[in-house]
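In: with the input below, show me the fold.
(one chain, ligands or ions: 2)
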Amino acid sequence: MALICGHDAPAYGDPLCEHIRAATAAPIDHYLHYTGRGVERRRLCGLCRNEAATAVTGAVCEDCFDATDSSTRGAIGRPQTLEAARPIPGTIETLALPEGAGTVLDCAASSAGILLLSADGRILRWDTDTGACTDVARTTVAVPADAEPWAGREQALRLHVSRDGAHAAVVIDHGRTGEVIDLATGLVTIPLENDGYYSSTVPFSLAFTEHEGRTLVLHRRTWRTIEAADAATGAEVASIPIGETASAWSGCFHGALHPSPAGTRIASDGWWWHPYGRTVAWNLPPWLTGGTDSWPKDVDWALLPACEYHWNRPVVWLDEDRLVLGGLGDDEDEIVPGARVFDLRTRRDDDAMRPAEIATFGGPDGRFFAAHGLLFTSAVAGLDIWDPVIGARLGTLAGFRPTHHDPIRGELLELSASGLRRWQTSHATV
Ligand SMILES: [Zn+2]
Ligand SMILES: [Zn+2]
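Out: Numbering: from 1, shown residues only. Ligands and ions are numbered 1, 2, ... in the order given. Sure, this is the predicted structure:
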């Protein structure tokens with residue numbers, strides 16, 4: 001294909017309109033135009049934007065693309081949403097919250113039942129089959145009265161629980177403190193504090209996992225360090241080293257932690273100085289076995305694509321190897337609904353740190369969940385179910401907006417003031 005810049009070189013980047021291509025002396029801002037054919041997109045100037053459907057663009061070489069690079073004015077149009085609709089069976093069950101639970105701030109699923117965090121600090125264990133509900137602990141973690149929201153994100157209490165239901169953690173998302181609690185005794189095993197350095201920009205980094213028969217808690221010790229500790233004793237198991245051996249990490253602020261379903265990998269949805277969002281992932285067993293000295297040589301850490309000013313994005317594992325990031329685009333100002341699927345086993349030819357992107361498609365928006373190899377997304381209109389291999393929507397449950405995933409019972413849960421609604425994800429596979 002001939003390039004509109006006339007150079008004998010491979011095409012590079014998104015196609016450009018002629019006005020942008022010619023403006024190398026003083027690059028002009030662009031609009032990212034999705035044509036509606038798959039995820040095809042191109043860069044248009046302000047004039048061409050007004051007639052986007054008929055605007056003419058062409059490909060250029062890498063040098064000419066870089067010479068015109070400029071700020072984005074945002075995205076216009078949307079990527080295509082591929083439809084492969086089939087009936088989605090199964091009823092959505094509605095449960096009233098237990099009497100006496102008060103205002104429920106958050107819930108978390110364990111094999112010992114659903115835990116509820118009440119606004120008065122009580123942690124309750126709820127057997128949704130029998131309806132039995134018991135107080136098991138009380139937290140003193142509280143959002144400071146003078147907490148200011150960051151970019152519209154309020155500090156808020158968040159509940160986590162270990163898979164076996166023996167330990168819970170209450171933390172302040174976009175805040176700096178929390179605690180791990182032994183639910184058999186109600187005692188705090190680990191007081192948490194993340195040093196407060198830009199902590200308002202991210203949910204409190206925290207995840208439970210299991211390793212060699214122990215329950216471990218991973219948490220943000222400082223802005224650039226994730227530590228794994230024994231949930232029962234607080235003893236350190238492994239840490240991300242800082243200093244000379246970690247120069248590649250010198251600017252990473254860790255964010256929400258997303259363990260893979262079986263706990264062999266983990267992703268941190270963090271951001272890097274200047275700022276740009278950049279999710280990183282690494283292998284857990286070699287790190288938890290080898291300790292801090294195993295970093296970085298044994299953990300196979302990987303860098304997902306950077307996105308200017310954008311993090312706290314949907315992140316979910318389809319399985320132990322495939323990670324999905326929500327949103328298409330490389331800049332906060334041009335993000336559009338969509339999903340990008342990466343295979344951590346395969347790295348790019350041009351950069352061994354970068355996993356291969358194996359699928360990219362438009363449509364998915366809101367919270368992301370995964371089960372049975374399918375992607376579930378919960379947005380204003382309801383739940384959408386996607387085949388992440390072909391990138392198509394399989395069906396919709398209008399009005400069902402899950403907030404949590406219970407992988408133990410195979411259910412998506414919608415927690416609201418009026419109760420808990422739940423639906424079996426296995427219905428999507430038939
Ligand atoms: Zn133009
Ligand atoms: Zn060129």
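In: in the stretch 201-350 of the chain, what residue comes closest to ligand 2?
Out: Residue nearest to ligand 2 within the stretch 201-350 of the chain: D350 (19.5 Å; CB to the ion). C-betas here are computed from N, CA, C, even on glycine.
In: and the gap between that residue and P87?
Out: 44 Å (CB to CB, to the nearest Å).
In: outside of stretch 89-101 itself, list whatever touches it.
Out: The contact list for stretch 89-101, computed with CB atoms under 8 Å, 6 or more residues apart in numbering, reads 104, 116, 118, 124, 126, 128, 131, 133, 397, 400, 419-424, 427, 430.
In: may I see the PyMOL selection of the buried members of the residues you listed?
Out: For the buried members of these, the matching PyMOL selection, counting by 16 or more other CB atoms under 10 Å, is:
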select buried, resi 104+116+118+124+126+128+133+397+400+420+421+422+423+424+427
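In: out of the contacts of stretch 89-101, which sit inside strands?
Out: Secondary structure from DSSP state E places 104, 116, 118, 124, 126, 133, 397, 419-424 of the contacts of stretch 89-101 in strands.
In: which of those lies closest to ligand 1?
Out: Among the ones in strands among the contacts of stretch 89-101, and counting by CB to the ion, the member closest to ligand 1 is L397, at 42.2 Å.
In: wait, T346 sits on E357?
Out: No: using CB atoms under 8 Å, T346 is not in contact with E357; the gap is 9.7 Å.
In: which of the two has more neighbours?
Out: Between T346 and E357, counted using other CB atoms under 10 Å, the more crowded position is E357 (15 against 11).
In: which residues does the helix or strand hosting the more buried one contact?
Out: Using DSSP states H and E, E357 sits in strand 351-362. Residues outside strand 351-362 that contact it (CB under 8 Å, 6+ apart): 34, 38-39, 78-82, 281, 301-305, 322-323, 328, 336-344, 346-348, 386, 388-389, 391-392.
In: quick one: distance of that strand to the chain centre.
Out: For strand 351-362, the separation from the chain centroid amounts to 16 Å (computed by CA atoms, centre = their mean, to the nearest Å).
In: pairing partners for the helix or strand just after it, with directions?
Out: Going down the chain from strand 351-362, the next helix or strand is strand 367-371, by DSSP H and E. Sheet pairing of strand 367-371 (DSSP bridges) gives strand 374-379 (antiparallel).
In: buried stuff in the strand it pairs with?
Out: 374-378.
In: restricting to C-alpha, output that strand in PDB.
Out: Extracted as PDB, the C-alpha positions of strand 374-379 are listed here (Å, rounded to 0.1, in the frame of the first residue of the first chain):
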ATOM      1  CA  LEU A 374     -16.200 -15.500  29.300                       C
ATOM      2  CA  LEU A 375     -16.100 -11.800  30.100                       C
ATOM      3  CA  PHE A 376     -19.000 -10.200  32.000                       C
ATOM      4  CA  THR A 377     -19.400  -6.400  32.100                       C
ATOM      5  CA  SER A 378     -21.800  -4.500  34.400                       C
ATOM      6  CA  ALA A 379     -22.700  -1.000  33.200                       C
END
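In: tell me the residues of this structure that contact ligand 1?
Out: 17, 19, 45, 48 (CB under 5 Å from the ion).
In: shouldn't the third one be in contact with I20?
Out: Yes: C45 is within contact range of I20, at 5.3 Å (criterion: CB under 8 Å).
In: between those two, which one's more packed in?
Out: Using other CB under 10 Å as the criterion, C45 and I20 rank with I20 on top: 25 against 22.
In: helix, strand, or coil at C64?
Out: helix (DSSP: H, G, I helix; E, B strand; the rest coil).
In: quick check: closest non-adjacent residue to it.
Out: Using CB to CB, 6 or more residues apart in numbering and skipping the chain neighbours, the partner closest in space to C64 is C5 (4.1 Å).
In: quick one, phi psi at the one you found?
Out: When read as degrees, to the nearest 10, the backbone of C5 gives phi -80, psi -10.
In: for it, what are its contacts?
Out: 21, 60-61, 64.
In: and which of the buried residues of strand 374-379 is nearest to E179?
Out: For the buried residues of strand 374-379, the residue nearest E179 by CB to CB is S378; the value is 28.9 Å.
In: circling back to that earlier point, list buried residues within the contacts of strand 351-362.
Out: By 16+ other CB under 10 Å, those give 34, 39, 78-81, 281, 301-304, 322-323, 328, 336-342, 344, 386, 388, 391 as buried.
In: where does the chain have low pLDDT?
Out: For the chain, the stretches with pLDDT under 70 are 243-250.
In: how about the residues of it by ligand 2?
Out: 5, 7, 60-61, 64.
In: which among the residues you listed gets closest to ligand 1?
Out: V60 (13.5 Å).
In: I'd assumed L3 was in contact with the closest one.
Out: Yes: assessed by CB under 8 Å, V60 is found in contact with L3 at 5.5 Å.
In: and those two? Which one has more around it.
Out: Per other CB under 10 Å, whichever of V60 and L3 has more neighbours is V60, with 26 against 19.
In: please consider this matter closed, and thank you.
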